[in-house]
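Visitor: What shape does this take:
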Amino acid sequence: MIFVLSGEGPTDLGSCNNAQGKCSGDDFDIGPMTVLIEQLVEHRVGYQLRKLPDQIYYLSEKALCEKAKGLPNRLLPARSKKKQAEMGYFYTNALVLGAFAKSIEAETDDSAIAVLFRDCDSTRSAKAGLWDTKRQAILDGFNRSQFDRGVPMLPKPTSEAWLLSAAQAQPYQNCQNLEDLPGNEASPNHPKTKLVAAFGAHKTRIELCEWLDENPFDPVRADAMPSFKAFRDRLDEVVLTVLH
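Guide: Alright, predicted model coming up:
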């Protein structure tokens with residue numbers, strides 16, 4: 001089983017340390033959201049992903065966007081300006097990642113699971129259903145690439161809200177309310193700001209990973225957050241598909 005990942009930066013899924021947008025093995029610096037994935041699948045696969053680093057492939061957001069420039073028009077979503085602006089980005093990211101996952105499968109003769117991480121970054125003023133629409137755009141992109149083991153990882157509003165659910169003074173209590181925090185980083189109530197306050201200091205990528213190792217995430221209690229539950233359910237579904 002291979003995991004093909006794409007995130008936004010070091011403090012979510014991680015990043016490449018080889019000055020390229022594509023990496024695996026020791027060239028990949030794992031991020032806290034990859035540690036979270038590892039914790040969610042370990043009981044299914046029977047091992048830690050970090051024990052087999054060559055089974056993790058990473059493609060950066062920039063690399064995905066560069067690859068998307070070469071897509072033929074027939075593969076792109078409908079050219080409605082509004083839809084293209086809001087959803088074309090998520091669709092094409094998933095389309096490219098799905099194609100990349102298929103190429104890795106062919107190279108390794110192994111089954112892949114692709115996880116596309118993007119913060120939703122929604123605000124209270126955003127139209128209702130925006131998260132659902134973005135998630136569906138990702139699923140549509142995976143489907144268009146004819147890759148059926150794609151997983152949207154779309155925290156609402158950002159990944160820090162998921163981490164905050166466990167880091168707050170009373171872990172997981174009313175954590176569903178964290179999804180209503182503003183996605184605007186200028187707000188004092190942005191999840192990133194509140195996470196720093198909960199920890200008492202800013203934590204680096206490595207420190208966040210170490211914290212998760214020391215405080216394993218409780219998925220059952222975190223399921224109160226709809227965006228997390230949707231991710232967890234889909235991840236479990238595709239892992240079971242591969243295992244069976």
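
Visitor: where does this structure have low pLDDT?
Guide: Low-confidence segments of the chain, defined by pLDDT under 70: 71-86, 122-128.

Visitor: Write down the beta-bridge partners of the spatially most central residue of it, one by one.
Guide: Residue closest to the average C-alpha location in the chain (C-alpha atoms, centre = their mean): Phe117, at 2.4 Å. Beta-bridge pairing of Phe117 under DSSP bridges involves Met153.

Visitor: residue contacts, it?
Guide: Applying C-beta atoms under 8 Å, 6 or more residues apart in numbering, we find Phe117 in contact with Leu5, Ser6, Gly7, Glu8, Asp12, Leu13, Met33, Met153, Leu154, Ser159. In this view, the C-beta of every residue, glycine as well, is placed from N, C-alpha and C.

Visitor: can you confirm the first one is in a strand?
Guide: Yes - membership of Leu5 in a strand is supported by DSSP: H, G, I helix; E, B strand; the rest coil.

Visitor: Look at Ala114 and give its secondary structure.
Guide: strand.

Visitor: cool, the one 5 residues further on as well?
Guide: For Asp119, the reduced secondary structure class is coil; criterion used: three-state DSSP.

Visitor: same question, Trp162
Guide: Look at Trp162: counting by three-state DSSP, its state is helix.

Visitor: what's near enough to touch it?
Guide: Leu36, Pro155, Leu178, Ala222, Met225, Ser227, Phe228.

Visitor: Would you list the phi and psi of Ile2?
Guide: Main-chain torsions, Ile2, degrees, to the nearest 10: phi -120, psi 140.
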